[in-house]
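Novice: Structural data only, the sequence is not supplied:
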Ligand SMILES: Nc1ncnc2c1ncn2[C@@H]1O[C@H](COP(=O)(O)OP(=O)(O)OP(=O)(O)O)[C@@H](O)[C@H]1O
């Protein structure tokens, strides 16, 4: 199937980019987002979207201004509005850049009334995220962290239209269509873990274990994604019975008899949605221990400083700490912090 048909099929199946939506396309200039922009442009007449382009200049590379200028020209060629964000003194770290990017894309979307942000994440990114999280000891949610779409904030969604398309396919698409790409020198830098997975680990696995390793891992991911969706559906059903939204607390008596996997799933959701931060296995286990402890027992501080504690039949969180005078930019709620490649 061609990339165009594949994206079209994905959009129909997921129903995440309805006709007449205002869509902000995040473009770095690399082959994936370049492919994404061209595909959405070609599909636009059929879906009647209003497209705009956003570029985030991290200010790290010596060519970052020219890169931004290049995207501006692209936007002019396609005839779409262009939104540029420039970072000031952003630390040269993957996580900081990702966090800033999502924050700024959401800000642009809210300001200009875009309902959906699209990124050029591909099936190859999903494989890399999977491998990355595998040796961090992640659960199912971390392994399938790159969802095809997710809600961000205030009616803005994030969609990844190239979810089923692999990186070799985006490369071939750009070549066939004669699309110019802005080379990103940092993709060669093996100090970044994601580059090592892409350039060293996957070729090694291909050579020594399975020439089709990417395809096989995508199959595993498909199985895991369906299972994760099952858990989410299950949790949505049980949540109203064990969660008290008035007091924002979880009923211990109702949670304790549930199987271990279900307890962990519920507590992960409870903590992440209230703390608005990623929590790891140790945090969840600390809170789970409270199921069998007496009134007043509490955990050590959790990410963000709040603690979980026992109040009779209920698991509660201590009040949120005051925001420091110069807060670091929090990631938008709904963005999965477990994903190293988000
Ligand atoms: N500087 C940026 N400005 C705007 N969007 C960005 C920027 N960097 C990344 N993105 C968005 O996030 C997606 C994933 O970026 P990432 O750098 O993780 O992967 P990539 O495979 O190198 O993507 P690309 O080939 O598009 O550069 C990009 O396809 C793009 O949609």
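Specialist: Arrived safely, thanks for sending. Nothing here was measured: the structure is a model prediction, and the numbers come from that model.
Novice: Quick one, grab the pLDDT at the nearest residue to residue 301 once chain neighbours are set aside.
Specialist: Nearest residue to residue 301 in three dimensions, chain neighbours excluded: residue 307, at 5.7 Å (C-beta to C-beta, 6 or more residues apart in numbering). C-beta coordinates here come from the backbone N, C-alpha and C atoms, glycine included. The model reports residue 307 with a pLDDT of 96.
Novice: Go ahead and confirm residue 307 touches residue 296.
Specialist: No - Residue 307 lies out of contact with residue 296 (C-beta atoms under 8 Å); the separation is 11.5 Å.
Novice: what's the burial count for residue 52?
Specialist: 19 (other C-beta atoms under 10 Å).
Novice: OK, contacts around it?
Specialist: 22-25, 80-83, 112, 114 (C-beta atoms under 8 Å, 6 or more residues apart in numbering).
Novice: rerun that using 10 Å as the cut-off
Specialist: With contact set as C-beta atoms under 10 Å, 6 or more residues apart in numbering, residue 52 has these partners: 22-25, 75, 80-83, 108-109, 112-114.
Novice: related to what we said a few turns ago, residue 307 and residue 296 - which one has more neighbours?
Specialist: residue 307 (15 against 9).
Novice: What separation is there between that one and residue 246?
Specialist: Counting by C-beta to C-beta, to the nearest Å, the separation of residue 307 from residue 246 is 20 Å.
Novice: Residue 229 now?
Specialist: 29 Å.
Novice: And these two? Which one has more around it.
Specialist: Higher neighbour count among residue 229 and residue 246: residue 229, with 12 against 5, using other C-beta under 10 Å.
Novice: Residue in the stretch 101-250 of the chain with the shortest distance to the ligand?
Specialist: Per C-beta to the nearest ligand atom, residue 120 is where the stretch 101-250 of the chain lies closest to the ligand, at 2.6 Å.
Novice: pLDDT at that residue, what is it?
Specialist: The per-residue pLDDT reported for residue 120 equals 97.
Novice: Could you report the neighbour count for it?
Specialist: Using other C-beta under 10 Å: residue 120 sits among 24 other residues.
Novice: So it, which state does it fall into?
Specialist: coil (DSSP: H, G, I helix; E, B strand; the rest coil).
Novice: Hmm, it is touching residue 28, no?
Specialist: Yes - with contacts counted by C-beta atoms under 10 Å, residue 120 reaches residue 28, the gap being 7.4 Å.
Novice: Mutual contacts of the two, please.
Specialist: By C-beta under 10 Å, 6+ apart, the residues touching both residue 120 and residue 28 are 34, 36.
Novice: burial count for the nearest residue in space to residue 47 that is not next to it in sequence?
Specialist: Excluding the flanking residues, the one nearest residue 47 by C-beta to C-beta, 6+ apart is residue 19, at 4.9 Å. Counted with other C-beta under 10 Å, the neighbours of residue 19 add up to 8.
Novice: so residue 19 sits in a strand?
Specialist: No - going by three-state DSSP, the assignment for residue 19 is coil, not a strand.
Novice: and residue 217, what element?
Specialist: helix 213-242 (DSSP states H and E).
Novice: quick one: average pLDDT of that helix?
Specialist: Across helix 213-242, the average pLDDT comes to 92.
Novice: Where do the helices of the stretch 1-150 of the chain begin and end?
Specialist: Remark: helices assigned in the stretch 1-150 of the chain by DSSP state H, counting those that start in this stretch are 3-14, 31-47, 64-78, 94-112, 123-134, 140-143.
Novice: Single out the most deeply packed of the ones you listed.
Specialist: When those are scored by mean count of other C-beta atoms under 10 Å, the highest mean neighbour count falls to helix 123-134 (a mean of 22).
Novice: Show the average pLDDT along it.
Specialist: Rounded mean pLDDT across helix 123-134 is 92.
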